[in-house]
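>>> Here's a sequence, model it:
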Amino acid sequence: MSEKNIEVWVKKAIRGNVDAYGHLVEIYKTYLYRTAWLYVHNEDFALDVVQESILKGFRQIKTLREAKYFKTWMTRILINTARDMMAGRKPVYQLEQAARAADEGSSLEEKMDLYNAIQRLPEQYQSVVILKYFNDMKLSEIAETLQIPEGSVSAYLFRAKQELRNILKEGYRYA
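Model prediction:
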């Protein structure tokens, strides 16, 4: 679906059309779930995060100023919801879910090492890594989503990659 068509649905949703909001949720449900899973690493918990985010988005849709930023706006809601729901809860990594999430090019062990390393990063680094490398967002989109300067996004990505290298090297050193 084109960006223009999506903007039409967003404008309808902002005006209170429940079906239009439902259509937008249908368009972005896979993206929202994948992003939530990358934060919480648990299928059921990711579904809870998505559900709560969709409800929050529905309640707040009238606050969205520009229709073209719907995806960015929903991503911000999702990230904040995941953080809020994870507060005080230790993420659980489930082996069978990791197996389903593993890409063809990497082994399950490599994926688990990477996901565990990302979990060890500071929160702001986790967010930029997930949005950049798992959701293919541009630096400007990440900056808009997280409401930080683009230079900070670049710096966080640089530092995150350095830390990931160290964490992954450390893991192999002691394996």
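>>> any idea which helix or strand comes after the worst-scoring helix or strand of the chain on mean pLDDT?
Counting by mean pLDDT, DSSP states H and E, the chain has its least confident helix or strand at helix 95-101, which shows a mean of 45. Sequence-wise, the next helix or strand downstream of helix 95-101 (DSSP states H and E) is helix 108-120.
>>> just for the chain, where's the confidence low?
1, 88-108, 171-175 (pLDDT under 70).
>>> For it, just list every one of the helices.
With helices called from DSSP state H, the chain shows them at 3-14, 18-40, 43-60, 70-86, 95-101, 108-120, 123-129, 139-146, 150-173.
>>> and these as JSON lines, adding mean neighbour count?
Every C-beta, even on glycine, is put in place using the N, C-alpha and C of the backbone. Below are these laid out as JSON lines (neighbours: other C-beta atoms under 10 Å):
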{"stretch": "helix 3-14", "mean neighbour count": "16"}
{"stretch": "helix 18-40", "mean neighbour count": "18"}
{"stretch": "helix 43-60", "mean neighbour count": "17"}
{"stretch": "helix 70-86", "mean neighbour count": "20"}
{"stretch": "helix 95-101", "mean neighbour count": "12"}
{"stretch": "helix 108-120", "mean neighbour count": "16"}
{"stretch": "helix 123-129", "mean neighbour count": "20"}
{"stretch": "helix 139-146", "mean neighbour count": "19"}
{"stretch": "helix 150-173", "mean neighbour count": "14"}
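>>> Name all residues that make contact with Gln147.
Counting by C-beta atoms under 8 Å, 6 or more residues apart in numbering, Gln147 makes contact with Arg76.
>>> what does the one 10 residues further on give?
Residues in contact with Leu157, defined by C-beta under 8 Å, 6+ apart, are 128-129, 132, 139.
>>> Grab the two from those residues that are most spread out in space.
Spatial extent of the contacts of Leu157 (C-beta to C-beta) is set by the pair Val129 and Leu139 at 12.6 Å.
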